[in-house]
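[1] Below is the structure, and that's it, no one-letter string:
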């Protein structure tokens with residue numbers, strides 16, 4: 001949710017995805033809510049529409065930066 005809010009603040013659209021990854025937090029020594037930024041990648045997919053453009057990378061970096069700024073300000 002916090003990454004979604006950071007993206008909205010930066011004017012970057014998001015798409016919720018179901019992921020099995022949150023199950024890993026149950027096995028963590030420090031259980032916490034988890035979230036991820038996914039950036040499409042032609043090397044990790046067979047779909048040619050998933051080739052990353054530099055703007056995709058920059059959007060993810062902006063969202064992460066916005067989130068970090070909000071966390072430090074708390």
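    Thanks, I have the structure now. None of these values were measured; they are calculated from a predicted model.
[2] pretty sure residue 56 contacts residue 39?
    Yes - using C-beta atoms under 8 Å, residue 56 is in contact with residue 39, at 5.2 Å. No exception for glycine: its C-beta is placed from N, CA and C like everyone else's.
[3] So the residue most central in space within the chain: helix, strand or coil?
    Geometric centre of the chain, nearest residue: residue 37, 1.5 Å, by C-alpha atoms, centre = their mean. Assigned state for residue 37: coil (three-state reduction, DSSP: H, G, I helix; E, B strand; the rest coil).
[4] so what's it closest to, chain neighbours aside?
    Distances taken as C-beta to C-beta, 6 or more residues apart in numbering place residue 60 nearest to residue 37, at 4.7 Å, with adjacent residues excluded.
[5] any chance you could map the helices in the chain?
    2-9, 54-73 (DSSP state H).
[6] Can you check what angle separates the first one from helix 54-73?
    Computed with axes from the mean of the first three to the mean of the last three C-alpha atoms, to 10 degrees, the direction of helix 2-9 lies at 110 degrees from that of helix 54-73.
[7] Helix 2-9 packs against which elements?
    With contacts taken as 3 or more C-beta pairs under 8 Å, 6 or more residues apart in numbering; DSSP states H and E, helix 2-9 sits against helix 54-73.
[8] Quick check: mean pLDDT of the helix it packs on?
    Averaged across helix 54-73, pLDDT comes to 90.
[9] Out of the helices of the chain, which is the most enclosed?
    Of the helices of the chain, the one with the most neighbours on average (mean count of other C-beta atoms under 10 Å) is helix 2-9, at a mean of 16.
[10] Need the mean per-residue confidence for it.
    90.
[11] what distance separates it from the middle of the whole chain?
    In terms of C-alpha atoms, centre = their mean, to the nearest Å, the centre of helix 2-9 is found 10 Å from the chain centre.
[12] what do you get for stretch 60-69?
    With C-alpha atoms, centre = their mean, you get 9 Å for stretch 60-69.
[13] Can you give the contact residues for it?
    2-3, 6-7, 9-10, 12, 37, 39 (C-beta atoms under 8 Å, 6 or more residues apart in numbering).
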